[in-house]
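>>> The following comprises the amino acid sequence and a computationally predicted model.
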Amino acid sequence: METRAKQELEIYGKMAALCSKSEQCTSDIRKKIRSLEANSMTEDNIVSRLEKENFLNDARYALTYVSEKFRINKWGKVKIRYYLKMKGLEEKFIESALNSIDHDDYVALLVKIMKEKARSTKKGEKFERMGQIIRFAQGRGFEPELIHRHLREVIS
């Protein structure tokens with residue numbers, strides 16, 4: 001019995017240290033705890049303690065993730081949403097975090113990356129170039145209707 005409590009405390013220390021270095025989500029922490037061969041009761045105890053002590057907060061994680069992927073990786077909302085869903089985050093956290101992106105900044109980034117792609121696209125037929133730009137922007141996770149709405153200002 002004592003060794004299990006000792007193991008739980010040791011794992012808790014590792015997870016708390018990890019959470020204090022970088023923002024983590026519950027599903028990632030659970031995977032790491034399982035990889036240390038802890039039982040499900042230990043896993044639940046550690047996760048609830050990390051949440052209670054505010055080391056672990058999925059809403060905060062979603063906000064940080066959205067901010068980084070938008071500013072640094074220049075991803076659109078579609079791609080960000082997909083990856084957050086893959087992490088198992090609740091829809092309310094995902095939606096709230098995505099809504100934190102300023103619409104004008106979002107459109108400005110989309111236009112900027114499309115203009116960069118337009119400059120680097122090999123000169124070809126206009127529709128071929130437009131297709132390459134559209135595919136590029138969609139690959140970055142921007143919404144098709146937004147891409148088409150701002151394509152004219154990029155092509156002109």
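Sure thing, it's come through.

>>> what's the residue nearest to the spatial centre of the chain in contact with, if anything?
In the chain, the centroid-proximal residue (Cα atoms, centre = their mean) is Y65; its distance is 4.2 Å. By Cβ atoms under 8 Å, 6 or more residues apart in numbering, the contact set of Y65 is E23, C25, I80, Y83, L84, A97. In this view, the C-beta of every residue, glycine as well, is placed from N, C-alpha and C.

>>> Excluding chain neighbours, give the residue nearest to the second one in space.
When the adjacent residues along the chain are set aside, C25 lies closest to Y61, with 4.5 Å between them (Cβ to Cβ, 6 or more residues apart in numbering).

>>> pretty sure the one you found is touching I94, no?
No - counting by Cβ atoms under 8 Å, Y61 does not reach I94; the two are 10.6 Å apart.

>>> Now do the same for the helix or strand encompassing the residue nearest to C25: mean pLDDT, whole number.
Using DSSP states H and E, Y61 maps to helix 58-71. Taken as a whole, helix 58-71 has a mean pLDDT of 97.

>>> swap in stretch 94-104?
For stretch 94-104, mean pLDDT is 97.

>>> Other residues contacting it?
Contact with stretch 94-104 is made by A59, A62, L63, Y65, V66, S67, F70, K77, I80, R81, L84, K85, as judged by Cβ under 8 Å, 6+ apart.

>>> which other helices and strands contact the one helix or strand K32 maps to?
Element membership for K32 (DSSP H and E) is helix 26-35. Contact partners of helix 26-35 among helices and strands, from 3 or more Cβ pairs under 8 Å, 6 or more residues apart in numbering; DSSP states H and E: helix 2-21, helix 40-52.

>>> Where does the prediction get shaky in the chain?
Along the chain, the parts satisfying pLDDT under 70 run over 1-2, 156.

>>> Which positions in stretch 49-56 come out as buried?
Residues of stretch 49-56 classed as buried: L50, F55, L56 (neighbour count, 16 or more other Cβ atoms under 10 Å).

>>> Can you give the contact residues for that stretch?
Here stretch 49-56 makes contact (Cβ under 8 Å, 6+ apart) with Y12, M15, A16, C19, S20, Q24, C25, T26, I29, V47, N57.
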